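Chemist: Fold the stuff below for me.
(4 chains)
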4 protein chains.
Amino acid sequence: MISEFRLARRVQFHETDAAGLVHFSVFFRYMEEAEHGLWRAAGLSIAPRDARIGFPRVATSFEFLKPLRFEDEFEVTIRITRKSVKSLSYRATIVKDGDVAAHGVLTVACVTKEPGQPLRGTPIPANIADRFSVAPGKDG
Amino acid sequence: MISEFRLARRVQFHETDAAGLVHFSVFFRYMEEAEHGLWRAAGLSIAPRDARIGFPRVATSFEFLKPLRFEDEFEVTIRITRKSVKSLSYRATIVKDGDVAAHGVLTVACVTKEPGQPLRGTPIPANIADRFSVAPGKDG
Amino acid sequence: MISEFRLARRVQFHETDAAGLVHFSVFFRYMEEAEHGLWRAAGLSIAPRDARIGFPRVATSFEFLKPLRFEDEFEVTIRITRKSVKSLSYRATIVKDGDVAAHGVLTVACVTKEPGQPLRGTPIPANIADRFSVAPGKDG
Amino acid sequence: MISEFRLARRVQFHETDAAGLVHFSVFFRYMEEAEHGLWRAAGLSIAPRDARIGFPRVATSFEFLKPLRFEDEFEVTIRITRKSVKSLSYRATIVKDGDVAAHGVLTVACVTKEPGQPLRGTPIPANIADRFSVAPGKDG
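Modeler: All right, here's what the predicted structure looks like:
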C-alpha cells in the first residue's frame, strides 16, 4: 500500500505569465502530476486507454505562499488524507529551497463512463482501493 | 462602482482532456477571465504594462458539480464578496443550460513589484479600490 | 459552402508568459479556435461526442511578426487553401490594429477512430466535404 | 560548445485533449522545454530575471507522424541547425518506442527589451553565442 509520493520538477517557461510568475492555474497541474505519479508508484494508471471508470475532480483548492519563477526547481509532496468507498482526498505541499510555496487539496470521485451517459458515482474497484492507504500524521 | 460581471464563453478543444471533459485547471482560467472582464467593466486593467503593483492570487478553490465538454456554451458570473485594504475576494458560478456546473472562490492581494525584490503587500490604490464594491446578497 | 471565417479575440492573462508576450504555442490554439468557428459556421462540429472519425493535425507552422500582449484585441482570419479527398489545409492571419501579427498554416487529415486501433486515414465524408470550398485568391 | 540536447519526458494528463491525444500545440512546448534544457546544459538561462535581451520565436513548424497519449514516455532531441549574428535555428525530433512521432523546427531571434519600446533585433552577445555550435550532419 502506498500513501505518499514526491515529484521533483522544474518550472517551464510556458507555465509562467506576464507577471513573471507561474500562473496560479498551473499549480493544480503540478498537484495532478504528483497524483498520477502516486498512482504509477502503486502500479496503476489513473486513466488507462478505453477505461470504463474514471476519476473526475470533485473539489480542489490552493493557498499560495511564495511565487515560483522560470527554471525554479521545486518538489511536490502529495499524501492521501482520506479514502472512502467512492472517493479519495489528497493534500499536496510545494516546496522550493526549503520554503513552502503552496498548499493544495484535491478530492476525486470514482465514476462510470458510458458513451452518451452522464457520469455516475461508483465504488472504487478493490484492485485500486487496496493499493492506497491514508498517510499517517495529523494532516494526512 | 461595480460588484459583478458576467462572461459568456464556449469550451475550446484545447481546454478538454482525454476524459473528454474540460480539464479542472481550466475552470480557474475561466474564473480569472471573468475577473479581468470585471476590471475592464470598471475601466481598469488588472495588469497594465510596466505596472509597479500587481495582484497575485493568495487562495482559490473550485467545487465541480457537472462537467463541461467541447463546444459547450456557459456563463461565468463573478461577484466581489469581500474588499479589504490590501485584498479582494470573489465568488464565481459557472452555469450551463440553467444548471450550475461549478462554484469557485478567489482571493487576490495587492503587492509592489520591484525588480529583484520579493513581492510585498501594499494597500490597493484608491483609484482602483473606489471602483469596486461588495455584491449584495448572503453569499456576495 | 464556406471557405473563410473571422474570429475576434482578446488576449487572456493565462496566455502570456514571463516575457510579457503571448506564448508562441498559444497562436496555434488561436488558429484552431478559428478553424472550429469555421466548422460551426458550416453547421458542423469537428469533434462531436462519440464520433467515429476525427481530424488530427498533420502539419502546422507559424511565422511571428509582431507580439501580442495581455488584453490586446485581435482578429484571426482563417481560409481553406486546399481540399483533397482525405485532408484540408488552412491559412490563418492574425491582425492587431491593422498590422499582421502572425501567419499560420495548418493541415488536418480525416481518420477513423476505433478503440485500441491506430488512427487510419479515410475519405472526408460527403456531408462534411460538401460544406467547404477553397477560398479564392492567390494564397487561398 | 554545445549543439544538441536530449530531453526524456512523459505525457501529462493536462496535455491531452478530448481526442485522447496530446494536443498539437503542446508539441511546441516540448520542443521549447528541450531548447531551454540545451541552454542550461550550456550553462545559460534563456530568460534570466530582469534580462535586457530576450529570444522571441520568429518562426516554427511541426510535422506529426504518430500521436502521443497519456503517460507515453518519449524523447525530444533538439539540434542547432543554424547560427547567425542575430538568430538561432533548431530542429527537434520526438521519438517514442523507437518511432519518430514528430519533427519540429524553430527559429529564435535576439532582441532588446526596453520598457514601453517595441522589441528590436540585436546581435547575440558573445558570451552566449560562443557556447553554441551547429550540429554536424546533413539536417543539423
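
Chemist: Around chain B, pick out the residues from chain A.
Modeler: A:18-19, A:21, A:24-26, A:28-29, A:32, A:47, A:54, A:56-64, A:67, A:113, A:119 (CB under 8 Å from any CB of the partner chain). The way it works is simple: take the backbone N, C-alpha and C, and place the C-beta from them, glycine included.

Chemist: Chain C next: which of the residues you listed are close?
Modeler: Answer for those near chain C (CB under 8 Å from any CB): A:18, A:21, A:25.

Chemist: Just read off the phi/psi values of the second one.
Modeler: Think A:Leu21. Taking degrees, to the nearest 10, you get phi -120, psi 160 for the backbone angles of A:Leu21.

Chemist: any idea how far the spatially closest residue to it that is not a sequence neighbour is from C:Phe62?
Modeler: Leaving aside its chain neighbours, A:Leu21 sits nearest to A:Pro67 (4.2 Å; criterion: CB to CB, 6 or more residues apart in numbering or on different chains). Separation of A:Pro67 from C:Phe62 (CB to CB, to the nearest Å): 30 Å.

Chemist: Neighbour count for those two, which is higher?
Modeler: Ranked by neighbour count (other CB atoms under 10 Å in any protein chain shown), A:Pro67 and C:Phe62 place C:Phe62 first, with 24 against 20.

Chemist: That one in helix, strand or coil?
Modeler: The three-state assignment at C:Phe62 reads strand, by DSSP: H, G, I helix; E, B strand; the rest coil.

Chemist: which non-adjacent residue is nearest it?
Modeler: Of all residues not flanking C:Phe62 in the chain, C:Gly104 sits nearest, at 4.4 Å (CB to CB, 6+ apart).

Chemist: I'd say the one you found and C:Ile94 touch.
Modeler: Yes - in this structure, C:Gly104 is within contact of C:Ile94 by CB atoms under 8 Å, at 7.3 Å.

Chemist: what stretches of chain A score poorly on pLDDT?
Modeler: A:138-140 (pLDDT under 70).

Chemist: Other residues contacting the top helix by length along chain A?
Modeler: When chain A is parsed with DSSP state H, its longest helix is helix A:24-41. Residues from elsewhere that reach helix A:24-41, judged by CB atoms under 8 Å, 6 or more residues apart in numbering or on different chains: A:2, A:4-7, A:9, A:15, A:45-46, A:60, A:62, A:64, A:76-78, A:80, A:90, A:92, A:94, A:102, A:104, A:106, A:108, B:24-26, B:28-29, B:32, B:56-57, B:60, C:14, D:12-14, D:71.

Chemist: Among these, which lie within strands?
Modeler: Counted as lying in strands by DSSP state E, out of these, are A:4-7, A:9, A:60, A:62, A:64, A:76-78, A:80, A:90, A:92, A:94, A:102, A:104, A:106, A:108, B:57, B:60.

Chemist: got the residues of chain A near chain D?
Modeler: Counting by CB under 8 Å from any CB, the residues of chain A that sit close to chain D are A:12-14, A:20, A:29, A:32-33, A:36, A:40, A:45-47, A:49, A:69-71.

Chemist: how about 6 Å then?
Modeler: Residues of chain A lying close to chain D by CB under 6 Å from any CB of the partner chain are A:12, A:14, A:29, A:33, A:45, A:47, A:70-71.

Chemist: Kindly state the beta-bridge partners for A:Arg6.
Modeler: For A:Arg6, the beta-bridge partners under DSSP bridges are A:Thr77.

Chemist: Could you report the neighbour count for it?
Modeler: Using other CB under 10 Å: A:Arg6 sits among 15 other residues.

Chemist: any idea how far it is from chain D?
Modeler: The spacing between A:Arg6 and chain D, counted by CB to the nearest CB, to the nearest Å, is 16 Å.

Chemist: now do A:Ser133
Modeler: Taken as CB to the nearest CB, the span from A:Ser133 to chain D is 23 Å.

Chemist: likewise A:Val108?
Modeler: A:Val108 is 12 Å from chain D, where distance means CB to the nearest CB.

Chemist: quick one, what contacts the spatially closest residue to that residue that is not a sequence neighbour?
Modeler: In space, and not counting its chain neighbours, A:Val108 is closest to A:Phe55: 4.4 Å by CB to CB, 6+ apart. A:Phe55 makes contact with A:46, A:108, A:110 under the criterion CB atoms under 6 Å, 6 or more residues apart in numbering or on different chains.

Chemist: check which helix or strand covers the residue nearest to A:Leu21.
Modeler: Using DSSP states H and E, A:Pro67 sits within no helix or strand.

Chemist: and it, what are its phi and psi?
Modeler: Dihedral angles (degrees, to the nearest 10) for A:Pro67: phi -80, psi 160.

Chemist: From B:Gly104, how far out is the residue in chain A that chain B sits nearest to?
Modeler: In chain A, the residue that lies nearest chain B is A:Ser61 (3.4 Å; CB to the nearest CB). To B:Gly104, A:Ser61 is 10 Å away according to CB to CB.
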